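Colleague: sequence? don't have it. structure:
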Ligand SMILES: [Zn+2]
Ligand SMILES: [Zn+2]
């Protein structure tokens with residue numbers, strides 16, 4: 001079994017292609033499943049440049065995922081997911097949104113960290129020059145809270161923060177371990193997200209240091225490309241599959257209606 005559980009579309013305004021193009025790419029690669037998990041809408045006018053509106057979700061995204069799942073059901077299993085924000089103060093809204101939409105899986109992401117009472121986005125480079133240890137502290141506190149929130153099944157790109165600089169210190173190592181313990185305590189998965197390999201970090205999210213702790217804590221893993229272009233579906237999955245073999249005994253988690261099961265990962269199908 002091979003699935004890619006993390007894909008976007010043009011609707012998030014920093015991606016390309018529609019849902020069908022992502023599904024067709026996954027079919028071309030011979031995958032068993034593809035998860036559609038674009039950025040969730042948010043209430044009010046929060047961060048509109050990185051997400052679809054609620055109106056677009058209900059009029060375009062949700063119906064097209066449903067329709068296409070049916071259209072391609074003999075060729076691939078299409079799972080209905082979402083990449084939802086963890087944002088302090090918005091738990092009630094996000095929790096309600098994910099409950100009422102009957103997803104197969106919900107990816108929880110921290111894309112914003114509080115800085116002097118303001119939510120600062122991690123999408124850009126706003127943090128350059130910040131004191132790294134403080135930045136890591138705020139970020140991993142948010143990851144810990146996201147794990148405890150009960151809203152998510154999978155914690156996304158758990159060391160995304162490393163894009164602002166990587167540093168190991170006793171404090172940072174402790175923060176990471178505490179966050180992973182919270183993920184385990186809530187019985188959640190971590191994803192191996194291959195998009196970091198396409199960025200200057202040149203490393204999966206998370207990197208192997210964190211995957212070692214995940215293995216020790218027996219945290220289950222899922223697989224996602226975080227594709228923002230159809231051609232990025234499944235990118236570098238040879239690397240990710242080797243990591244699943246090494247850090248999760250070759251077992252990968254898949255979801256149906258938010259019920260997790262563990263399956264044996266297969267090697268990459270021959271490309272057509
Ligand atoms: Zn993300
Ligand atoms: Zn994403």
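Modeller: Looks like it arrived, so ask away. As the structure is a computational prediction, the values presented were derived from the model and not from experiment. Ligands and ions are numbered 1, 2, ... in the order given.
Colleague: Leaving out sequence neighbours, find the closest residue to the residue sitting nearest the centre point of the chain.
Modeller: Residue closest to the mean C-alpha point of the chain, counted by Cα atoms, centre = their mean, is residue 156 at 3.4 Å. Nearest residue to residue 156, sequence neighbours excluded (Cβ to Cβ, 6 or more residues apart in numbering): residue 109, at 4.2 Å. The way it works is simple: take the backbone N, C-alpha and C, and place the C-beta from them, glycine included.
Colleague: Is that neighbour bridged to anything, and to what?
Modeller: residue 85 (DSSP bridges).
Colleague: residues in contact with it?
Modeller: Contacts were defined as Cβ atoms under 8 Å, 6 or more residues apart in numbering; by that measure residue 109 touches 83, 84, 85, 86, 146, 156, 157.
Colleague: Which strand residues bridge the closest residue to the last one other than its chain neighbours?
Modeller: Pointing back at residue 157 there. Using Cβ to Cβ, 6+ apart and skipping residues adjacent in sequence, the residue nearest residue 157 is residue 205, 3.7 Å away. Taking DSSP bridges, one obtains residue 193 as the residues bridged to residue 205.
Colleague: What score does residue 205 have for pLDDT?
Modeller: Here, the pLDDT recorded for residue 205 equals 97.
Colleague: how many neighbours does whichever residue of the stretch 101-250 of the chain sits closest to ligand 2 have?
Modeller: Here the stretch 101-250 of the chain gets closest to ligand 2 at one residue, residue 226, 4.3 Å apart by Cβ to the ion. A count of neighbours around residue 226, defined by other Cβ atoms under 10 Å, yields 27.
Colleague: can you check the one 5 residues further on too?
Modeller: Applying the criterion other Cβ under 10 Å, we find 13 residues in the vicinity of residue 231.
Colleague: got a list of what it touches?
Modeller: Per Cβ under 8 Å, 6+ apart, neighbours of residue 231: residue 25.
Colleague: Please identify the helix or strand for residue 253.
Modeller: Assessed by DSSP states H and E, residue 253 sits inside strand 251-256.
Colleague: thinking again about what came up before, the residue nearest to residue 157 against residue 158, yeah?
Modeller: Yes: assessed by Cβ atoms under 8 Å, residue 205 is found in contact with residue 158 at 6.6 Å.
Colleague: Got phi/psi on residue 263?
Modeller: Torsion angles at residue 263 (phi, psi; degrees, to the nearest 10) stand at phi -130, psi 160.
Colleague: For it, give its distance to ligand 2.
Modeller: To ligand 2, residue 263 is 22 Å away according to Cβ to the ion, to the nearest Å.
Colleague: That residue: what's it in contact with?
Modeller: 1, 251, 252, 253, 254.
Colleague: Leaving out chain neighbours, which residue sits closest to the second one?
Modeller: Translated: residue 251. Per Cβ to Cβ, 6+ apart, closest to residue 251 is residue 262, 4.6 Å.
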